[in-house]
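Chemist: below are the sequence and a predicted model; questions follow.
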Amino acid sequence: MTFLDRLAVKDAPEGSRAQAMLRNHDLTPVRPELRSWGWLNYVFFWVSDGLNINTWMIASTGLTAGLAWWQAWLAVWIGYGIVAIFVVLTARIGSTWHIGFPVLARASFGVWGSFWPVLNRAVMACVWTAVQSWIGGSCMTLLLRSIIPGYRSLANHVLISKGSEVILTRQSILSFFLFWMVQLPFVWAPIHKVRHLFTVKSVIVPIAAIAFLAWSIKDASGIGPIVKQPASLKGSALAWAFVQACMSCVSNMATLTVNIPDFARVAKKPGDVVLSQFLAIPLTFAITCFVGILVSSSSVPIYGKTVWDPLELLTLRLDDNPYASGTRAAVFFISFAFVLAQVGINIAANTLSAGSDLTALLPRYINIRRGGMLCAFIAPLIMPWHLMSSSSTFTTYLGAYSIFLSSILGTMIADYYIVRRGYLHIPSLFSGAKGKTNAELGLTLSNAATIYDRPRLGLPLRGRLQLARIHGLHLRHRHLGDWFCGRDGRAGLRCGPEGVHPRLLHGRVRLGGRVLGPELDVPRRGHGAAAVQGLARARGGLGSA
């Protein structure tokens with residue numbers, strides 16, 4: 001065994017070099033026993049994802065542009081409502097076929113052409129992992145300062161500066177690496193178990209946000225002046241500022257909108273990802289932004305200025321009363337919730353997605369867990385302290401990149417729902433061969449039977465037709481006809497000159513007073529009817545599924 005063979009993942013793909021580049025255990029459709037996410041898990045997922053520092057401050061974009069608070073909040077509802085539509089459309093594909101973004105991209109961009117969007121998504125996930133870890137380090141600083149007041153003195157030791165601007169201190173680099181190490185166990189956790197992190201986060205973080213709001217309103221003796229300020233813009237300027245506020249919400253979610261199939265593929269059934277996400281996304285993000293507006297408004301009577309960043313507001317609290325036990329306890333609990341929030345957002349939006357993308361790029365040696373860890377180890381090498389030191393340039397770059405991601409998303413949605421009308425030929429997504437023979441298919445029919453409900457190879461016709469409906473198989477393929485009919489395709493039954501179109505695998509029909517398949521819509525005449533009747537005769541009737 002060579003050194004490279006030792007590095008290969010468990011159950012590494014065999015066969016040609018091309019086939020080894022296209023599949024492994026984490027890329028093939030999720031097996032039934034691992035589909036553990038129900039609709040409530042997706043609600044918890046979005047509740048935990050929406051409660052983070054970026055969402056907290058997203059309304060400030062519209063308010064600083066001149067909108068009234070209620071106009072900025074309405075923009076949040078509309079923006080994240082648009083996001084919810086696209087998330088549901090994309091997640092529905094993953095939950096139906098139980099495949100992630102890298103495999104889904106092959107259907108729209110080609111088996112080899114998909115490497116380019118997957119590579120871009122992987123690189124961006126690594127960059128965002130570094131940035132979110134840096135923000136998480138700031139949360140860790142507050143947590144440690146609330147426990148050890150003397151931790152503040154480490155900020156006086158400057159490591160990197162640019163003129164009068166301090167870029168890196170001993171305090172910030174130590175907090176960054178502490179946060180980085182805290183998130184590593186969660187990065188290593190498999191996707192069907194990481195849902196427990198989102199469940200815990202969806203309970204702790206909202207409690208901390210409500211406590212922060214109550215604390216701010218109490219000290220300010222009210223909700224502050226922001227909720228009373230009218231809009232400073234009128235006419236077309238107001239309209240364009242409103243549109244910009246809506247689009248800032250959409251661009252903020254561009255990454256998760258693209259990679260949501262990575263989470264939807266573990267859904268118990270396709271319907272679990274529809275209504276739960278459609279309602280949870282706008283509701284969670286709107287409530288988080290509303291809390292952020294009220295807390296920031298309450299900062300005006302306390303400090304004489306509007307403080308949008310909750311971490312800056314907590315820092316001011318500690319600076320005023322560094323040794324007050326009540327202040328330290330409150331800051332500890334809130335900063336702990338923010339640390340948990342940053343871990344969750346890094347797992348949901350970055351490391352797991354990077355792991356899935358890197359798996360698709362080198363499946364023989366990388367699986368999702370290895371890919372996530374590789375992304376985590378790349379993050380410090382990106383040196384996010386330099387990126388964040390010029391935040392305006394970095395923000396402009398991210399906004400431009402969201403346009404690229406939206407083009408990928410639009411192509412996949414249009415291809416699946418309009419061009420393919422909801423049908424995918426899964427084996428073809430795992431084969432780079434031009435002619436898809438039985439030996440060349442990356443995902444064989446026997447594997448498909450194992451993945452989808454593990455039926456016996458001698459499954460009666462009704463069960464096989466049901467499996468075909470789920471799997472989206474084309475009966476006109478000779479080898480698929482062999483599998484369904486139980487005959488040698490060269491000497492046995494053929495499924496008509498034109499085959500059976502996948503559209504025939506929907507609806508209900510009775511032949512001879514008996515239901516042929518659980519969901520079939522077969523024409524009364526023509527090749528389709530002859531093929532289905534031939535299938536029934538070949539199996540000697542129906543039998544029980």
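Modeler: All right, it came through fine.

Chemist: residue 276 contacts residue 39, correct?
Modeler: Yes. Using C-beta atoms under 8 Å, residue 276 is in contact with residue 39, at 4.1 Å. Backbone N, C-alpha and C define where each C-beta goes, glycine included.

Chemist: those two: which is more packed in?
Modeler: When neighbours are counted by other C-beta atoms under 10 Å, residue 276 and residue 39 differ, and residue 276 comes out ahead with 23 against 18.

Chemist: residue 298 versus residue 287, what's the distance?
Modeler: 17 Å (C-beta to C-beta, to the nearest Å).

Chemist: please parse this structure into its domains.
Modeler: 40-409, 426-538 (automatic domain parsing).

Chemist: so how many other residues sit close to residue 134?
Modeler: 24.

Chemist: what helix or strand does it sit in?
Modeler: In the assignment (DSSP states H and E), residue 134 maps to helix 115-147.

Chemist: go on, residue 223?
Modeler: Counting by DSSP H and E, residue 223 is found in no helix or strand.

Chemist: coming back round to it: more crowded one of residue 287 and residue 298?
Modeler: Taking other C-beta under 10 Å, residue 287 and residue 298 do not tie; residue 298 has more neighbours (28 against 17).

Chemist: save the domains of the chain as TSV, and put in distance to residue 2 too.
Modeler: TSV is the format used below for the domains of the chain (distance: least, C-beta to C-beta, whole Å):
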stretch	distance to residue 2
domain 40-409	12
domain 426-538	23
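
Chemist: for the ones you listed, which one ends up most surrounded?
Modeler: domain 40-409 (a mean of 20; mean count of other C-beta atoms under 10 Å).

Chemist: mind checking how far that one is from the chain centre?
Modeler: Its chain's C-alpha centre and that of domain 40-409 lie 13 Å apart, by C-alpha atoms, centre = their mean, to the nearest Å.

Chemist: what about it, average pLDDT?
Modeler: The average pLDDT within domain 40-409 is 87.

Chemist: now do residue 423, the pLDDT please.
Modeler: With respect to pLDDT, residue 423 has a value of 82.

Chemist: all helices of the stretch 151-300 of the chain, in order?
Modeler: Assigned by DSSP state H, counting those that start in this stretch, the helices in the stretch 151-300 of the chain fall at 170-188, 191-220, 235-252, 254-259, 261-264, 275-303.

Chemist: of all the ones you listed, which one comes closest to residue 137?
Modeler: helix 170-188 (3.5 Å; C-beta to C-beta).

Chemist: my guess is residue 26 meets residue 352, correct?
Modeler: No. The pair residue 26 / residue 352 is not scored as a contact, 10.9 Å apart, by C-beta under 8 Å.

Chemist: quick one: residue 22 and residue 105, what's the gap?
Modeler: Distance from residue 22 to residue 105, by C-beta to C-beta: 12 Å.

Chemist: shared neighbours, residue 26 and residue 352?
Modeler: residue 368 (C-beta atoms under 8 Å, 6 or more residues apart in numbering).

Chemist: once you drop chain neighbours, what's closest to residue 182?
Modeler: If the residues on either side of it in the chain are set aside, residue 182 comes closest to residue 343, at 6.7 Å by C-beta to C-beta, 6 or more residues apart in numbering.

Chemist: which SSE is that neighbour in?
Modeler: Counting by DSSP H and E, residue 343 is part of helix 325-346.

Chemist: between that helix and helix 191-220, how many degrees?
Modeler: 150 degrees (axes from the mean of the first three to the mean of the last three C-alpha atoms, to 10 degrees).

Chemist: now do helix 325-346 against helix 115-147, angle only.
Modeler: Going by the same axes, to 10 degrees, helix 325-346 makes 170 degrees with helix 115-147.

Chemist: helices or strands next to helix 325-346 in the packing?
Modeler: Applying 3 or more C-beta pairs under 8 Å, 6 or more residues apart in numbering; DSSP states H and E, one finds that helix 325-346 contacts helix 39-50, helix 53-57, helix 115-147, helix 170-188, helix 191-220, helix 310-320.

Chemist: 10 Å - rerun?
Modeler: helix 39-50, helix 53-57, helix 115-147, helix 170-188, helix 191-220, helix 310-320, helix 368-378 (3 or more C-beta pairs under 10 Å, 6 or more residues apart in numbering; DSSP states H and E).

Chemist: and the next helix or strand past that helix?
Modeler: Taking DSSP H and E, what comes next after helix 325-346 is helix 352-361.

Chemist: now for that next one, which elements pack on it?
Modeler: Checked by 3+ C-beta pairs under 10 Å, 6+ apart, helix 352-361 has helix 101-109, helix 115-147, helix 170-188, helix 191-220, helix 254-259, helix 261-264, helix 368-378 packed alongside it.

Chemist: residue 61 is nearest to which of the ones you listed?
Modeler: Here helix 254-259 is closest among these (C-beta to C-beta), at 15.4 Å.

Chemist: packing partners for that closest one?
Modeler: helix 39-50, helix 69-97, helix 101-109, helix 115-147, helix 352-361, helix 391-414.

Chemist: dump the fifth one to PDB, keeping only the CA atoms.
Modeler: Output of helix 352-361 as PDB, limited to C-alpha atoms (Å, rounded to 0.1, in the frame of the first residue of the first chain):
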ATOM      1  CA  LEU A 352     -19.600  22.500   6.300                       C
ATOM      2  CA  SER A 353     -20.000  24.100   2.900                       C
ATOM      3  CA  ALA A 354     -16.300  24.300   2.400                       C
ATOM      4  CA  GLY A 355     -16.000  20.600   3.400                       C
ATOM      5  CA  SER A 356     -18.700  19.600   0.900                       C
ATOM      6  CA  ASP A 357     -17.100  21.700  -1.900                       C
ATOM      7  CA  LEU A 358     -13.500  20.400  -1.200                       C
ATOM      8  CA  THR A 359     -14.900  16.800  -1.100                       C
ATOM      9  CA  ALA A 360     -16.200  17.300  -4.700                       C
ATOM     10  CA  LEU A 361     -12.800  18.600  -5.800                       C
END
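
Chemist: the helix holding residue 134 vs helix 101-109, what angle?
Modeler: 150 degrees.

Chemist: what sits against residue 175?
Modeler: 134, 136-145, 151, 154-155, 169 (C-beta atoms under 10 Å, 6 or more residues apart in numbering).

Chemist: do the same with residue 89
Modeler: Residue 89 sits next to 257, 260, 274, 409, 412, 413, 416, 417 when contact means C-beta under 10 Å, 6+ apart.

Chemist: so residue 30: helix, strand or coil?
Modeler: With DSSP: H, G, I helix; E, B strand; the rest coil as the basis, residue 30 sits in coil.
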